[in-house]
Structures are given as C-alpha cells and as structure tokens.
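Q: Sequence first, predicted coordinates after that:
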Amino acid sequence: MTDDKSVPKDENAIPPHMTIYYLGLLRRGPAWTPEVTPEVEALQEAHMANIRRIGEAGKLVLAGPFTDGGDLRGVFLFRTESLEEAEALAAADPSVQAGRLIVELHPWLVPVGVLPGP
C-alpha cells in the first residue's frame, strides 16, 4: 500500500476548502452484554442524554446505532477544535466509561459545506 501524500498527517495542514471532523466508531467494549437489565437500560438512557447534550452544544453532528448486530455498534461525528476535544467528549460518554462501548476516533477531511457546521 502506498502512502497518500494528499492527506495531511498534521491537523493544522488542512487543504483549502476542506474542514476536519472526527469520526468515532463505537464498538462493543469489554463490559458489553446482550442482556437488557435495568442497569443496561439506565446506562442507555444516560448515553442518550449525553448525545443530546453534546448535540445541543454544537459539537456532535450526528450519532446513531448500526442495526446489523455486529461488533460495530454505532457512530459519532464530532465537529470540535481538536482531536483531543473529541477524545474528551467520547471518553465522557457513560457507556464508554462503563466499558460497554469503546470508541475509535479518526480525523476525517470533508469539503466545506457538505455537512452541517460552522
């Protein structure tokens, strides 16, 4: 595989007319179980409240589950000032803190104006 020189490794070197978002892939964590218990339901409610809070703050462009039942459980798309800010938001999610989910974050270049955001 060749190294794609057109994709900057440095977040500060974003090409003109592009912007950076942070794509979070949510996977089953070490504490994930298929059982639906009162604890799991409460954790899901807290997870959803957190999603609403981040969305209302303008930092979360989209979020949602995958429906195929696999290891990949859902997605976050953050519009933040840095990868570190996106990492902090992802780490604060109650389902991540509980180990039910883990988040894998990737900087993602998008043409300006294609997605909602500033």
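A: In hand now; what should we look at?
Q: Ile54: which element?
A: Using DSSP states H and E, the element containing Ile54 is helix 38-56.
Q: what do you get for Val110?
A: Val110 is part of strand 101-111 when elements are defined by DSSP H and E.
Q: Show me what counts as buried in that strand.
A: Of all the residues in strand 101-111, those buried under the rule 16 or more other C-beta atoms under 10 Å are 101-103, 105, 107, 110. C-beta coordinates here come from the backbone N, C-alpha and C atoms, glycine included.
Q: Same check on stretch 33-43?
A: Buried positions in stretch 33-43, judged by neighbour count with 16+ other C-beta under 10 Å: 40, 43.
Q: Please apply the same query to stretch 16-23.
A: In terms of neighbour count (16+ other C-beta under 10 Å), stretch 16-23 has its buried residues at 19-23.
Q: Run a quick neighbour tally on Phe76.
A: Neighbouring residues of Phe76 were enumerated by other C-beta atoms under 10 Å; the total is 24.
Q: what's the nearest residue to it if we skip its chain neighbours?
A: When the adjacent residues along the chain are set aside, Phe76 lies closest to Gly24, with 3.5 Å between them (C-beta to C-beta, 6 or more residues apart in numbering).
Q: what lines up beside the host helix or strand of that neighbour in the sheet?
A: In this structure, Gly24 is located in strand 18-28 according to DSSP H and E. The strands beside strand 18-28 in its sheet (DSSP bridges) come out as strand 72-78 (antiparallel), strand 101-111 (antiparallel).
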